[in-house]
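Asker: below is the sequence, then the predicted model.
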Amino acid sequence: MALREGTASSARLSARRSAGRRGIAFFGFSASARQGGPAVFASRRASSRRASRRRGTPSYSLGGFWRSRLGRWRTRRLLEVHLVVLAVCTLVAAGALFASCRQIQSGAGALADEEAPAVQGLAATRLAVLRADREARALGEREFVDVAGRGETYRAQLSAADQGLSRIADRTDQDLGTVNGLLATYSNSLTLGTVMYRDQPLMRHQKLTEARSLLIRRGVGLVPRLDDMQQVQMKHAEATVTEGWLQRGGWWTAEIALVALAFTLLSALFVLRDRCGRDWNPYLLAAFALTVLLAVVPLLTMRSAQDDLDSVVGDLREITEVSRDSCCGLELERAQRTVTAKSEEVRSVLADDAWTDRVYQGTLTGGLLIVVLPLVGLGLRLDSDYWRRR
């Protein structure tokens, strides 16, 4: 009897031990659990990653990452922060775009209306007075003064020089009074030497020598004064179109603000769809498309316009150098033809840049829209879902 009871008790004890082992295994614990919890969880994460690789599903997603970054924010506060960031980015981007585009537009207008005509007029005037002097001296040396029809060339050149100074009078801030006075005195001396004293060789020679002195006297003659004015005018033209650090900073500011605006719009669209269950907001989508356009089109257009302005300044510099390098003989006629051809090229390039005005107007309109559209789209959603429920 005692033997049977001992056998039964040992059987019951072994049954309880096996049941305990099954319970531990059921709740996910085994003998390896005694080695420590971190090892168990690490093995489970590794097994889940292997299972995800077998299923072909990625273990990381951009939406999940951004959702985890914004998880500590309440929805209403998150949308209000997006609204403030959108307002700041749009105002900065629009202001920087307006300022940068306006600077290029004003530079192109000043170059076309003032600087380029002034440089061309001074070059043409210098060549005209030099050629007038050459033609007048040729008449005296060849004794053609009293021949009918001779002398028309130098008179035409003097008239061209006078008209050139008259045309640039309103296009330059330099004082033309002294130059006009020298040109009048020079023209008078030439007229006396070729017309009034044509029968008196000595007086004719004296007046032509006096005219020559008025023309080329170092520092105070007509040609040296025109040279100085050309240098000053070229500096004005270069300063008008040169892209300084402030303009480059404006473009960088505009592009950075537009990039930040694009990311903020995408984030706002994600929040509205993820947390609020809303479809894509048409206002924010239109603002995003407009932001991409404003980041590309004005920059490329104004860069092309800046390149054209730089080429125009190069042509003006060439015009100035040609007019100053030519001094006598047939070089003057070739220089006049070169100056005329280059001046036509400059006028055509500046006329072709008129299409940038339409781009500037489009940038102005687009800048106003990127300010209004995000604020309206997100503001209406906040007003409908939160602000009206106060």
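Answerer: Looks like it came in fine. Residues are numbered from 1 along each chain as shown.

Asker: so where is the stretch 201-350 of the chain shaky, pLDDT-wise?
Answerer: Scanning the stretch 201-350 of the chain for pLDDT under 70 picks out 274-279, 326-329.

Asker: which residue ranges of it form helices?
Answerer: For the stretch 201-350 of the chain, the helices defined by DSSP state H, counting those that start in this stretch occupy 201-216, 222-241, 245-274, 282-325, 330-352.

Asker: go through those and name the closest to G95.
Answerer: Closest approach to G95 among those (Cβ to Cβ): helix 245-274, 8.3 Å. (C-beta placed from N, C-alpha, C; glycine too.)

Asker: pull the distance from that closest one to the chain's centre.
Answerer: Distance, stretch centre to chain centre, for helix 245-274: 17 Å (Cα atoms, centre = their mean, to the nearest Å).

Asker: ok, stretch 208-228 next?
Answerer: With Cα atoms, centre = their mean, you get 43 Å for stretch 208-228.

Asker: show residues contacting that stretch.
Answerer: 122, 125-126, 129-130, 133, 136-137, 140, 178-179, 182-183, 185-186, 189-190, 193-194, 324 (Cβ atoms under 8 Å, 6 or more residues apart in numbering).

Asker: again, 6 Å this time
Answerer: Identification of contacts with stretch 208-228 by Cβ atoms under 6 Å, 6 or more residues apart in numbering yields L122, R126, V129, D133, G140, V179, L182, T185, Y186, S189, L190, G193.

Asker: and stretch 298-309, by the same measure?
Answerer: Residues outside stretch 298-309 that contact it (Cβ under 6 Å, 6+ apart) are C101, I104, A108, V241, V349, D353, T356, V359, T363.

Asker: ok, and for that stretch, which residues are buried?
Answerer: By 16 or more other Cβ atoms under 10 Å, the buried positions in stretch 298-309 come out as P298, L299, T301, M302, A305, Q306, D308, L309.

Asker: what is the nearest of those residues to Q231?
Answerer: Distances from Q231 to these, taken by Cβ to Cβ, are shortest for L309, at 19.9 Å.

Asker: now the buried members of the contacts of stretch 208-228.
Answerer: L122, R126, V129, D133, G140, V179, L182, Y186, S189, L190, G193.

Asker: need the max-distance pair from those.
Answerer: Greatest spacing in these, by Cβ to Cβ: L122 and G140 (27.7 Å).

Asker: ok, which of the helices of the stretch 201-350 of the chain comes nearest A156?
Answerer: Using Cβ to Cβ and comparing these, the one that lies nearest A156 is helix 330-352, at 11.6 Å.

Asker: what's the closest one in contact with?
Answerer: Under Cβ under 6 Å, 6+ apart, the answer for helix 330-352 is 112, 116, 120, 123, 127, 130-131, 308, 312, 315, 319, 322, 326.

Asker: for the helix or strand following it, the distance to its chain's centre please.
Answerer: Per DSSP states H and E, helix 330-352 leads on to helix 356-385 as the next helix or strand towards the C-terminus. Centroid separation for helix 356-385 versus its chain: 21 Å, with Cα atoms, centre = their mean.

Asker: now stretch 201-220
Answerer: How far stretch 201-220 lies from its chain's middle: 52 Å, per Cα atoms, centre = their mean.

Asker: pLDDT score assigned to G71?
Answerer: Predicted confidence (pLDDT) at G71: the value is 58.
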